[in-house]
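Engineer: Below are the sequence and a predicted model; questions follow.
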Amino acid sequence: MVRKALHAVVWRIERVIDAVRGQRDKRRVIEPYIGYATPDHLVVRGRVLTALRRNAPRAEQSRWVNFRQMLGLFLTDEVADVEISAEGMTAHTDEEGYFTLLLARDDRRGWQDVIVRIVDTDVAVACPVMIAGDDAAFVVVSDIDDTMLRTGAYSLARNLWTSLTGNALTRQVFPDAVTFMQHLTEGGRNPVYYVSSSPWNLHDFLATIFDRAGLVRGPKFLRDLGVSRTQFITGTHGDHKGGSIDTLIAAHPGLPFVLVGDTGQHDAFVYLDAIARHPGRIAAVVLREPGPGPDAESREAMARIEQAGTPLLHGPTFEGFGERLLVLLNEGLRT
């Protein structure tokens with residue numbers, strides 16, 4: 001009851017603040033997110049704000065400056081109920097400014113730009129969409145923190161310190177992750193997706209880090225940490241990651257999946273559940289072991305993954321995993 005009452009109060013306060021902001025600031029911009037394709041649709045995604053929050057960091061700047069810049073990424077003014085359009089289809093932004101446009105699937109393949117407009121304005125932006133080719137052999141879904149990006153998410157204090165006091169020039173992608181993902185995508189043949197509990201406010205920040213490191217580009221499934229009418233901070237880490245995996249498996253019928261994560265946030269449990277929900281669809285699981293490595297519960301979940309007959313690669317680095325995994329997958333696809 002206390003949580004429900006607190007949710008109601010916070011939601012009403014946020015609605016009043018958003019209404020005041022919207023009345024004061026009539027600017028509208030579209031922040032594009034990378035979309036993807038299903039058998040029936042191109043899924044175009046983005047958010048309407050009053051202004052984009054972007055940083056211009058320097059590698060030598062202080063942690064205090066980094067903190068202020070990171071905090072600024074969360075101070076967004078979203079705009080609800082804005083009508084947007086693309087290729088003859090329209091939609092309205094939700095109460096947090098997010099929109100999803102479902103366009104008819106056609107013969108386009110690879111990376112495509114879809115021009116999205118705010119109706120009755122001259123505001124328009126190109127929203128990228130990744131459309132897997134017919135030659136894809138499998139799909140890769142990867143976690144980000146401590147899997148691709150050095151974070152320390154296995155420790156809340158370390159996670160917050162690293163996330164809030166670094167910048168796009170100081171944050172480090174694991175070099176072995178770059179090589180590993182390049183092996184798996186096989187020159188862009190196999191689509192790669194990233195799933196994280198990080199908020200959508202960090203979409204551009206993460207894209208900048210990934211591009212600088214040369215990490216394979218792919219659509220991201222991040223979390224809405226805002227307060228909605230029905231939810232007080234949306235979902236849990238496991239719910240978000242599991243739901244995103246379900247969405248992507250439905251988007252790629254017939255293709256096997258490789259799930260990549262780490263033991264710091266109990267990804268083994270999430271992936272074990274995905275194996276149970278989608279028999280025969282998970283071709284392999286790969287887990288990095290950051291910090292102290294897996295605890296007893298994670299080791300048990302990892303053992304159950306192997307007992308289910310799903311190949312599991314795990315270790316403190318991904319060195320050599322790309323070659324080993326491709327051999328395993330090719331053997332599995334031939335049987």
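Structural biologist: Cool, got the structure.

Engineer: Could I get the contacting residues of the nearest residue to A136 once chain neighbours are set aside?
Structural biologist: Distances taken as C-beta to C-beta, 6 or more residues apart in numbering put N190 closest to A136, at 5.3 Å, once the chain neighbours are dropped. Every C-beta, even on glycine, is put in place using the N, C-alpha and C of the backbone. By C-beta atoms under 8 Å, 6 or more residues apart in numbering, N190 lies in contact with A132, A136, A137, F138, V139, V140, L184.

Engineer: how about a cut-off of 6 Å?
Structural biologist: A136, A137, F138 (C-beta atoms under 6 Å, 6 or more residues apart in numbering).

Engineer: So which of those residues is surrounded by the most neighbours?
Structural biologist: Within the contacts of N190, most neighbours by other C-beta atoms under 10 Å means F138, with 21 neighbours.

Engineer: E300 versus that residue, what's the distance?
Structural biologist: Distance from F138 to E300, counting by C-beta to C-beta, to the nearest Å: 27 Å.

Engineer: Am I right that L222 falls within a helix?
Structural biologist: No: applying DSSP: H, G, I helix; E, B strand; the rest coil, one finds L222 to be strand, outside a helix.

Engineer: mind checking pLDDT for it?
Structural biologist: As predicted, L222 sits at a pLDDT of 95.

Engineer: What of A59?
Structural biologist: The model's pLDDT for A59 equals 70.

Engineer: now do R68
Structural biologist: 75.

Engineer: What is the neighbour count of it?
Structural biologist: By other C-beta under 10 Å, the burial measure for R68, its neighbour count, is 13.

Engineer: Assign it to helix, strand or coil.
Structural biologist: Put simply, R68 is helix when judged by three-state DSSP.

Engineer: go on, R304?
Structural biologist: Following three-state DSSP, R304 is assigned to helix.

Engineer: The residue lying closest to it once chain neighbours are set aside: what's it in contact with?
Structural biologist: Nearest residue to R304, sequence neighbours excluded (C-beta to C-beta, 6+ apart): L272, at 5.6 Å. The contact partners of L272, by C-beta under 6 Å, 6+ apart, come to A301, R304, I305.
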